[in-house]
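Novice: Requesting a structural model of the entry that follows:
(2 chains)
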Amino acid sequence: MQHINEELLNEYLDDLLDAPARAAADEHLAACASCRRALADLETVTSLLASLPDEPLTRDLTPSVLAGLPQPRLALGWKLVFAVEAGIGLGMGMLVLANLKFPLQPQAWLAHAFTTLSHLKIPSLAAPLLANHYSFPAIEIPAAPANLVFLALSALLLWGVGNAVLLRGRPEVRE
Amino acid sequence: MSSTHERGLALRAAAGDREAFAEIIRAHQRAVFNVAYRLLGNMRDAEDAAQDAFLRAWQFLDKFDVDRPLAPWLKQVTVNVCLNRIQADKPASSLDDGLPPPKDPHPGPEAQTAKRLRDERIRRAILSLPPRYRAVIELRHFEELRYEEIAQALNRPLSDVKSNLFRARKLLAEHLKDIGDW
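Specialist: Residues are numbered from 1 along each chain as shown, chains lettered A, B, ... in the order given. Predicted coordinates:
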């Protein structure tokens, strides 16, 4: 008598045989004590594995998993916001630095602006101003206030850069 | 957890929502840990492997089909993480250290003790198998995957999976043949 081979026996156990193959295996098993024993051994294994209980966890894994997640990256829109913010801060800081070398002379700037306006042929807008601009009183910005402005703008710069660093965590996109 | 709720969590987590992912971890951590524990046989290694499995799941969650249940996928990820750890010789476990400590420091009823000893014996038998055999036993008997699904999960030919499974069962049957005496 030819015994059921290993593959067929396992597929019988896993209920993977089609009806004719299963019927043939049943017929053989009814007549063959050796194959019945082999099948019984496999069924015992299946039953023992199924009886193995789950063990409880000794701790919640959530905090350590979350701590191990990669640092989130900023969404593109927020990156742009912070880039613009940092750019403005940087530009203003550079202006302030330039002002230390070339102190502000607002009346000269105004005169230059009005002249430009007149060249642009916008008389209705510029005329009343042009009539008076040379009479503007000279404004001198003393050294101390200039330094204060410098400090304030530097703080703005730091605030912008600081925001970009501190708010890196949100909103995020996936790694 | 309902499938609709789980699908929502998976979608949110895939979009980067850590709170949603935390809820997924809390819901599945015990099952994932137990897969790792059966394969590694040491609680500390199993916890580490479970963490690694969740980190890997996070990495690939945006490629996961959210219409499928999460649990089988998480367990398959865990099996592969454990196989990698075994191959890299990461677990510093000895089987003696790895088996669970008695749950009750006081001697329990005799039947309870016998059951615990029998469970330990089954775990030892699984751990005595070569890693690839352990993996197919885990996926077939505990996760109830079909042969083809196991082959896909482990990225192995179907013929290898069948052969490994049949050999593993035979070895387990030999290891556990006198389990009735326990």
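Novice: Mind giving me the packing neighbours of the biggest helix by length in chain A?
Specialist: Taking DSSP state H as the criterion, chain A has its longest helix at helix A:76-101. Helices and strands touching helix A:76-101, by 3 or more C-beta pairs under 8 Å, 6 or more residues apart in numbering or on different chains; DSSP states H and E, are helix A:143-166. From N, CA and C alone the C-beta is placed, and that goes for glycine too.
Novice: mean confidence for the helix it packs on?
Specialist: Here helix A:143-166 scores 70 as its mean pLDDT.
Novice: Equivalent analysis for stretch B:15-28, please.
Specialist: Rounded mean pLDDT across stretch B:15-28 is 94.
Novice: same question, stretch A:46-58
Specialist: 93.
Novice: Can you give me the end-to-end span of it?
Specialist: 28 Å (C-alpha to C-alpha, to the nearest Å).
Novice: and it, which residues are buried?
Specialist: Neighbour-count burial for stretch A:46-58, with 16 or more other C-beta atoms under 10 Å in any protein chain shown as criterion, is recorded at A:T46, A:L48, A:L49, A:L52, A:E55, A:L57.
Novice: how close does the first one sit to chain B?
Specialist: A:T46 is 7 Å from chain B, where distance means C-beta to the nearest C-beta, to the nearest Å.
Novice: Buried residues of the helix or strand where A:E27 lies, list them for me.
Specialist: Using DSSP states H and E, A:E27 sits within helix A:19-31. Buried residues in helix A:19-31, defined by neighbour count with 16+ other C-beta under 10 Å: A:A25, A:H28, A:L29.
Novice: Also stretch B:163-182?
Specialist: For stretch B:163-182, using 16+ other C-beta under 10 Å, the buried residues are B:163-173, B:175-176.
Novice: and A:G68, what is it in contact with?
Specialist: B:Q51, B:L55 (C-beta atoms under 8 Å, 6 or more residues apart in numbering or on different chains).
Novice: now with 10 Å?
Specialist: Counting by C-beta atoms under 10 Å, 6 or more residues apart in numbering or on different chains, A:G68 touches A:L61, B:Q51, B:D52, B:F54, B:L55, B:W58.
Novice: So which of the buried residues of stretch A:46-58 sit within helices?
Specialist: Counting by DSSP H, the part of the buried residues of stretch A:46-58 found in helices is A:T46, A:L48, A:L49.
Novice: excluding its backbone neighbours, what's nearest the last one?
Specialist: Residue nearest to A:L49 in three dimensions, not counting chain neighbours: B:H141, with 4.5 Å by C-beta to C-beta, 6 or more residues apart in numbering or on different chains.
Novice: can you count the residues close to that neighbour?
Specialist: 21 (other C-beta atoms under 10 Å in any protein chain shown).
Novice: and if you look at the one 5 residues further on?
Specialist: Applying other C-beta under 10 Å, we find 13 other residues in the vicinity of B:R146.
Novice: circling back: adding pLDDT, write the buried residues of helix A:19-31 out as a markdown table.
Specialist: Below are these laid out as a markdown table (pLDDT from 0 to 100):
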| residue | pLDDT |
| --- | --- |
| A:A25 | 95 |
| A:H28 | 95 |
| A:L29 | 95 |
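Novice: okay, the residues you listed in CSV with distance to A:G91 next?
Specialist: Compiled in CSV, these are given as follows (distance: C-beta to C-beta, whole Å):
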residue, distance to A:G91
A:A25, 84
A:H28, 89
A:L29, 87
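Novice: Dump the contacts of A:G68 into a markdown table; add secondary structure, distance to B:R12 and pLDDT as well.
Specialist: Formatted as a markdown table, these follow (DSSP: H, G, I helix; E, B strand; the rest coil; distance: C-beta to C-beta, whole Å; pLDDT from 0 to 100):
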| residue | secondary structure | distance to B:R12 | pLDDT |
| --- | --- | --- | --- |
| A:L61 | coil | 19 | 96 |
| B:Q51 | helix | 21 | 97 |
| B:D52 | helix | 22 | 96 |
| B:F54 | helix | 16 | 97 |
| B:L55 | helix | 18 | 96 |
| B:W58 | helix | 12 | 95 |
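Novice: who wins for neighbours among these?
Specialist: B:F54 (29 neighbours).
Novice: Pull up the gap between that residue and chain A, please.
Specialist: 4 Å.
Novice: ditto for B:S128
Specialist: For B:S128, the distance to chain A (C-beta to the nearest C-beta) stands at 13 Å.
Novice: That residue: how many residues sit nearby?
Specialist: Here the count is done by other C-beta under 10 Å, and B:S128 has 14 residues near it.
Novice: Identify the residues contacting residue 162.
Specialist: Picked chain A for this. A:A86, A:G89, A:A155.
Novice: my question was about chain B
Specialist: Per C-beta under 10 Å, 6+ apart, neighbours of B:K162: A:E6, A:E7, A:N10, A:E11, A:D14, B:V136, B:Y147, B:I150, B:A151.
Novice: Work out for me the element the closest residue to chain A within chain B sits within.
Specialist: Using C-beta to the nearest C-beta, B:A173 is the residue of chain B that sits closest to chain A, at 4.0 Å. If you go by DSSP H and E, B:A173 is part of helix B:158-175.
Novice: Who wins on neighbours among the contacts of B:K162?
Specialist: B:V136 (28 neighbours).
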